[in-house]
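Trainee: output the structure for:
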Amino acid sequence: MRFVVGEESNGIRADLFLVKNLKDVSRRFVRRYFEEKLVRRNGSPVREGEILKTGDTVTLEALLERATVRPDAVKE
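Mentor: A predicted model of the protein is given here:
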């Protein structure tokens, strides 16, 4: 998922930007994205409190893409 920071969001913290733009998603869930290092700004990892600027691209990597399945959990 990808967002481009508009002028109305210039100067907002990265975590607050995501809370604002991800409907029906809790702050706790957003925090988990940051803890798992799944949030990037212009291709580089970003921390929760970093300030975004107009034109920045914020990308979220899906949590499921990072999930691993234990071999013993697979049922045949």
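
Trainee: so who does Leu23 touch?
Mentor: Leu isn't right for residue 23; it's Lys. The contact partners of Lys23, by CB atoms under 8 Å, 6 or more residues apart in numbering, come to none. Just so you know, the C-beta spots here come from the backbone N, C-alpha and C atoms, and that holds for glycine as well.

Trainee: burial of the residue lying closest to Val58 once chain neighbours are set aside, as a residue count?
Mentor: In space, and not counting its chain neighbours, Val58 is closest to Phe3: 4.7 Å by CB to CB, 6 or more residues apart in numbering. Other residues near Phe3 number 17, with proximity taken as other CB atoms under 10 Å.

Trainee: how about the helices in the protein?
Mentor: 14-21, 27-35, 63-66 (DSSP state H).

Trainee: so which of those helices comes closest to Ser44?
Mentor: helix 14-21 (11.7 Å; CB to CB).

Trainee: just the angle between the closest one and helix 27-35, please?
Mentor: With axes from the mean of the first three to the mean of the last three CA atoms, to 10 degrees as the basis, helix 14-21 and helix 27-35 are set at 130 degrees to each other.

Trainee: so how far is helix 14-21 from its chain's centroid?
Mentor: From the chain centre to the centre of helix 14-21 is a distance of 9 Å (CA atoms, centre = their mean, to the nearest Å).

Trainee: buried stuff in stretch 18-31?
Mentor: Buried residues in stretch 18-31, counted by 16 or more other CB atoms under 10 Å: 18-19, 30.

Trainee: what's the average pLDDT for that stretch?
Mentor: Computed over stretch 18-31, the mean pLDDT rounds to 89.

Trainee: and the helices of the chain as CSV, adding distance to Leu52?
Mentor: Formatted as CSV, those follow (distance: least, CB to CB, whole Å):
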stretch, distance to Leu52
helix 14-21, 6
helix 27-35, 13
helix 63-66, 21
